[in-house]
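**Student:** this one's structure only:
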């Protein structure tokens with residue numbers, strides 16, 4: 001039976017007076033955390049025979065600790081009355097955990113994703129670092145964000161704030177003794193914590209992962225990225241084992257689990273459209289996350305990467321539209337936050353690199369995702385005028401932008417923003433892991449000689465076919481599917497020059513995209529990888545956190561160098577890209593903890609140019 005409801009309200013995007021949302025948020029205030037009772041259990045002893053006391057002895061040393069959250073006794077028979085009691089006892093924690101899932105993709109205060117939190121989590125950092133979109137004005141309130149790599153402690157906590165919101169809602173549930181009576185629900189909520197834990201590790205590097213899992217109020221020990229990765233993958237394996245065991249459970253028990261899932265788990269597309277109450281999509285999300293993490297570490301630990309990837313694929317990864325999980329405007333009734341941030345607030349425009357890539361390859365997105373310039377753009381040096389609605393116009397990342405969110409004082413506000421009509425109808429989901437991402441991961445694994453269950457060509461082409469941004473329910477309304485077969489056969493890019501309409505001494509830039517789209521078995525592995533990651537980058541949009549990770553890992557897609565790199569913390573050389581978001585603590589006590597445990601776990605200074613554990617400066621093959 002179909003379970004979905006189309007909310008009329010999701011077709012409308014809130015309209016606000018022109019404003020900015022760059023003011024600082026304290027992550028502790030998010031999601032009504034004052035209402036959450038944080039427990040403080042006694043920490044378990046670290047388990048590592050090679051490391052006395054479990055202390056970190058080097059940035060790449062593996063440190064393993066066991067917490068209550070890691071324990072699953074899913075084969076133990078549980079009295080039904082205890083299961084029913086747990087369902088009632090945990091009602092508040094279930095509701096809070098829903099808010100935690102929303103916060104992973106820009107939610108705040110237990111609400112669906114909104115422009116304010118989304119901007120802090122994505123738009124002020126990863127969106128620009130991945131060169132999807134760029135802030136076209138400096139922050140008038142703080143006088144910061146003069147260019148892409150300028151950094152402000154007033155809002156730099158966005159990504160950590162999102163993680164903090166999520167873990168502060170998951171951990172009271174996962175540490176509550178009652179959850180052990182319903183291990184499948186524990187597994188599912190731990191899965192979503194694993195997702196936000198992985199994304200946080202890839203943004204800044206080490207953090208208090210093991211102490212966070214103990215739900216400590218005052219965590220002090222930063223864990224290195226390798227230990228975090230291994231801890232997450234161990235959890236994912238336990239989660240999959242637990243959920244695979246579910247089919248052996250008695251029907252009465254399953255009835256209680258289904259009641260919990262039906263009320264509190266609204267990220268499962270198969271449930272909405274097919275009434276599917278199985279564990280299938282959760283199992284496939286867990287394995288797909290493991291596959292993503294495997295590819296991240298391919299340079300630093302190639303043997304482990306191959307092992308994890310082949311295990312994930314053998315155990316079952318996402319292979320259809322309805323196996324994807326995410327936050328769906330179609331079902332939940334919210335709008336894509338990026339549209340308000342860009343079109344209502346004037347805080348984002350298309351980047352020149354994304355413009356050049358779409359136009360060079362003739363990608364279908366160039367026809368309907370973004371609008372041409374919405375006003376005249378004047379070049380004071382030459383006297384040239386770019387008339388309204390002439391073409392897509394992207395802003396070069398790193399441009400020293402001026403003050404002002406209104407066109408009358410800032411011409412950059414005329415640069416390309418979203419086509420609100422098409423995006424309003426398209427209802428783009430905010431996926432946790434997208435089917436097309438999984439196919440591109442399998443394509444890369446295949447060219448590396450791993451057993452991915454198929455050929456690189458087939459996964460690559462299927463990834464492109466299913467890489468559309470719009471909700472699958474509405475994809476036939478837009479040009480993507482009608483044009484994608486022709487696009488897949490494109491052997492060479494178009495000659496394209498990105499023309500700077502304002503002047504400002506930036507010049508014009510010939511496209512750096514020199515590859516086509518069509519798969520060619522005769523290409524080198526390096527060229528194949530560039531094609532895979534370039535198409536993956538487009539398909540990931542707007543998930544800039546993962547796009548930026550892949551750019552750091554592989555160097556693809558090729559983009560324009562960021563201008564004015566010295567406008568950051570001074571560590572990034574011209575032509576180089578940002579490698580991580582620094583912690584930049586303002587509290588002296590937190591700075592002391594960072595110095596004592598964070599910097600040693602990182603293995604380098606707390607700077608934008610410091611590479612993470614998996615970010616190895618070495619060839620791709």
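**Tutor:** Right, received. Where do you want to start? Keep in mind that what you see is a predicted model, and the values were worked out from it rather than measured.
**Student:** going forward, measure contacts between C-alpha atoms and count neighbours the same way
**Tutor:** OK.
**Student:** so who does the closest residue to residue 317 other than its chain neighbours touch?
**Tutor:** Using C-alpha to C-alpha, 6 or more residues apart in numbering and skipping the chain neighbours, the partner closest in space to residue 317 is residue 284 (4.4 Å). Going by C-alpha atoms under 8 Å, 6 or more residues apart in numbering, residue 284 touches 316, 317, 318, 323.
**Student:** Just the pLDDT for residue 284.
**Tutor:** Residue 284 is assigned 98 on the pLDDT scale.
**Student:** just the contacts of residue 284 now: which is nearest residue 535?
**Tutor:** Comparing the contacts of residue 284 against residue 535 with C-alpha to C-alpha places residue 318 closest, at 18.2 Å.
**Student:** For residue 234, see how far away the closest one is.
**Tutor:** From residue 318 across to residue 234, the span is 20 Å (C-alpha to C-alpha, to the nearest Å).
**Student:** Over to residue 91?
**Tutor:** Taking C-alpha to C-alpha, one finds residue 91 at 28 Å from residue 234.
**Student:** now do residue 277
**Tutor:** The gap separating residue 277 from residue 234 is 25 Å, by C-alpha to C-alpha.
**Student:** Do a quick rundown of the helices in the stretch 501-621 of the chain.
**Tutor:** Counting by DSSP state H, counting those that start in this stretch, the stretch 501-621 of the chain has helices at residues 525-540, 544-554, 588-593, 599-602.
**Student:** closest one to residue 463 among those?
**Tutor:** helix 525-540 (7.6 Å).
**Student:** can you list the domains in the chain?
**Tutor:** Domain segmentation of the chain under automatic domain parsing yields 8-332, 351-543.
**Student:** what about the closest residue to residue 612 other than its chain neighbours, neighbour count?
**Tutor:** Distance criterion C-alpha to C-alpha, 6+ apart; nearest residue to residue 612, sequence neighbours excluded, is residue 205 at 6.0 Å. Neighbour count for residue 205, taken as other C-alpha atoms under 10 Å: 29.
**Student:** before we move on, what about residue 454?
**Tutor:** Neighbours around residue 454, by other C-alpha under 10 Å: 12.
**Student:** OK, contacts around it?
**Tutor:** Residue 454 neighbours (C-alpha under 8 Å, 6+ apart): residue 446.
**Student:** Look at it and report its pLDDT.
**Tutor:** 98.
**Student:** helix/strand/coil for residue 172?
**Tutor:** Secondary structure state of residue 172, per DSSP: H, G, I helix; E, B strand; the rest coil, is helix.
**Student:** tell me which helix or strand of the protein sits lowest on mean pLDDT?
**Tutor:** helix 158-174 (a mean of 87; mean pLDDT, DSSP states H and E).
**Student:** and it, what does it pack onto?
**Tutor:** Packed against helix 158-174 by the contact rule (3 or more C-alpha pairs under 8 Å, 6 or more residues apart in numbering; DSSP states H and E) you find helix 91-103, helix 183-203, helix 209-213.
**Student:** Can you list the residue ranges for helices in the stretch 201-350 of the chain?
**Tutor:** 209-213, 225-244, 251-264, 269-274, 280-296, 302-315, 329-332, 337-339.
**Student:** Between the ones you listed, which shows the greatest average number of neighbours?
**Tutor:** Of all those, helix 280-296 carries the top mean neighbour count, a mean of 25, counting by mean count of other C-alpha atoms under 10 Å.
**Student:** That one to helix 183-203, inter-axis angle?
**Tutor:** Between helix 280-296 and helix 183-203, the angle comes out at 30 degrees (axes from the mean of the first three to the mean of the last three C-alpha atoms, to 10 degrees).
**Student:** what angle separates helix 280-296 from helix 302-315?
**Tutor:** For helix 280-296 against helix 302-315, the angle by the same axes, to 10 degrees is 160 degrees.
**Student:** hang on, isn't residue 389 packed against residue 375?
**Tutor:** Yes: contact status for residue 389 versus residue 375: in contact at 7.0 Å, counting by C-alpha atoms under 8 Å.
**Student:** Nearest residue to residue 613 in space, ignoring adjacent ones along the chain?
**Tutor:** Of all residues not flanking residue 613 in the chain, residue 225 sits nearest, at 6.2 Å (C-alpha to C-alpha, 6+ apart).
**Student:** thinking again about what came up before, as CSV, the contacts of residue 284 with distance to residue 334, neighbour count and pLDDT would be great.
**Tutor:** Output for the contacts of residue 284, formatted as CSV (distance: C-alpha to C-alpha, whole Å; neighbours: other C-alpha atoms under 10 Å; pLDDT from 0 to 100):
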residue, distance to residue 334, neighbour count, pLDDT
316, 31, 18, 98
317, 28, 26, 98
318, 25, 27, 98
323, 21, 21, 97
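**Student:** so who does the most centrally placed residue in the chain touch?
**Tutor:** Nearest to the mean C-alpha position of the chain, by C-alpha atoms, centre = their mean, lies residue 545 at 4.1 Å. Applying C-alpha under 8 Å, 6+ apart to residue 545 gives the contacts 122, 126, 127, 130, 199, 203.
**Student:** tell me the secondary structure for the spatially most distant residue from the centre of the chain?
**Tutor:** In the chain, counting by C-alpha atoms, centre = their mean, residue 383 sits farthest out from the average C-alpha position, at 42.0 Å. Here residue 383 is coil, with the state taken from three-state DSSP.
**Student:** With mean pLDDT as extra columns, can I get the helices of the stretch 501-621 of the chain in JSON lines?
**Tutor:** Shown next, in JSON lines, are the helices of the stretch 501-621 of the chain (pLDDT from 0 to 100):
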{"stretch": "helix 525-540", "mean pLDDT": "98"}
{"stretch": "helix 544-554", "mean pLDDT": "98"}
{"stretch": "helix 588-593", "mean pLDDT": "91"}
{"stretch": "helix 599-602", "mean pLDDT": "96"}
